[in-house]
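A.B. asks: need coordinates for the below:
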Amino acid sequence: MPEDENERKAAGEAVVGQCEGLIRSFIGKYGLGRYPIDPEDVLQESRIRLWKALENGNDIRHLAAYVKRVVDSVIFEDLKKIRRDQSLFQAEGVRPFAGEGGEAAGSIASRPGMVEALAAAVGSLKRSRRVVLTMTIAGFSLPEIAALNRWSRKKTYALYERGVKDLRKLVGEEGRRP
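C.D. replies: Down below sits the predicted model:
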């Protein structure tokens with residue numbers, strides 16, 4: 001029995017390896033340069049899903065069609081996540097971070113010493129609020145933060161709101177000091 005299982009795993013790995021070019025061609029047709037989706041992440045997730053399907057013994061009759069469906073579902077999930085995050089930012093009235101060097105000329109981060117003041121202010125927050133804000137800065141959405149910390153979405157949102165309020169108060173005090 002173990003020999004059959006090992007042979008099946010080896011065959012599955014071989015099929016996944018052979019499908020890499022096909023997966024890349026399906027990914028290429030989407031023109032992902034317009035979106036913050038890494039094609040290598042899509043490739044990796046597609047390979048994992050295909051490998052799991054083969055390992056579970058799913059009967060795949062038309063491999064190319066199945067691979068296309070897997071790639072489509074991975075990309076659609078990523079696009080839904082991006083859209084969800086954008087709507088979350090809009091609902092909360094928060095702008096997504098501009099990234100490295102993308103700060104506007106009048107932004108608070110462009111003022112001398114404000115980055116250090118912000119870091120110190122975040123560091124002085126209560127642990128749970130600090131965790132939510134640092135994970136938000138790192139790019140996690142509030143539902144993801146809730147799931148990773150095993151908190152309810154309501155609690156996570158409240159921690160976020162209180163943390164932002166405390167942060168504004170602390171940074172406001174720092175900004176008024178000579």
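
A.B. asks: let me see the domain layout of the chain.
C.D. replies: Structurally, the chain divides into domains by automatic domain parsing as follows: 2-92, 108-176.

A.B. asks: could I get these in a markdown table, plus columns for mean pLDDT and mean neighbour count?
C.D. replies: All C-beta spots, glycine's among them, are computed from the backbone N, C-alpha and C. Putting the domains of the chain into a markdown table (pLDDT from 0 to 100; neighbours: other Cβ atoms under 10 Å) gives the following:
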| stretch | mean pLDDT | mean neighbour count |
| --- | --- | --- |
| domain 2-92 | 80 | 14 |
| domain 108-176 | 80 | 15 |
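
A.B. asks: reduced to three states, what does the most centrally placed residue in the chain come out as?
C.D. replies: Centroid-nearest residue in the chain: residue 140, 5.9 Å away (criterion: Cα atoms, centre = their mean). Secondary structure, DSSP: H, G, I helix; E, B strand; the rest coil: residue 140 is coil.

A.B. asks: how much space between the residue nearest to it when sequence neighbours are not counted and residue 50?
C.D. replies: Closest residue to residue 140 apart from its sequence neighbours, by Cβ to Cβ, 6 or more residues apart in numbering: residue 148 at 7.3 Å. Taking Cβ to Cβ, to the nearest Å as the measure, residue 148 falls 26 Å from residue 50.

A.B. asks: please look at residue 160 and residue 136 and confirm they touch.
C.D. replies: Yes. Using Cβ atoms under 8 Å, residue 160 is in contact with residue 136, at 6.6 Å.

A.B. asks: any idea how far residue 10 lies from residue 16?
C.D. replies: 11 Å.

A.B. asks: is residue 61 part of a helix or strand, or is it coil?
C.D. replies: Put simply, residue 61 is coil when judged by three-state DSSP.

A.B. asks: gap between it and residue 23?
C.D. replies: Residue 61 is 18 Å from residue 23, where distance means Cβ to Cβ.

A.B. asks: relative to residue 72, how far out is the residue nearest to residue 12 when sequence neighbours are not counted?
C.D. replies: Nearest residue to residue 12, sequence neighbours excluded (Cβ to Cβ, 6+ apart): residue 54, at 3.7 Å. Using Cβ to Cβ, residue 54 is found at 18 Å from residue 72.

A.B. asks: what's the answer for residue 47, then?
C.D. replies: Distance from residue 47 to residue 72, by Cβ to Cβ: 15 Å.

A.B. asks: I'd like to know which elements the host helix or strand of residue 21 is packed against.
C.D. replies: Using DSSP states H and E, residue 21 falls within helix 20-28. Helices and strands touching helix 20-28, by 3 or more Cβ pairs under 8 Å, 6 or more residues apart in numbering; DSSP states H and E, are helix 39-55, helix 63-92.
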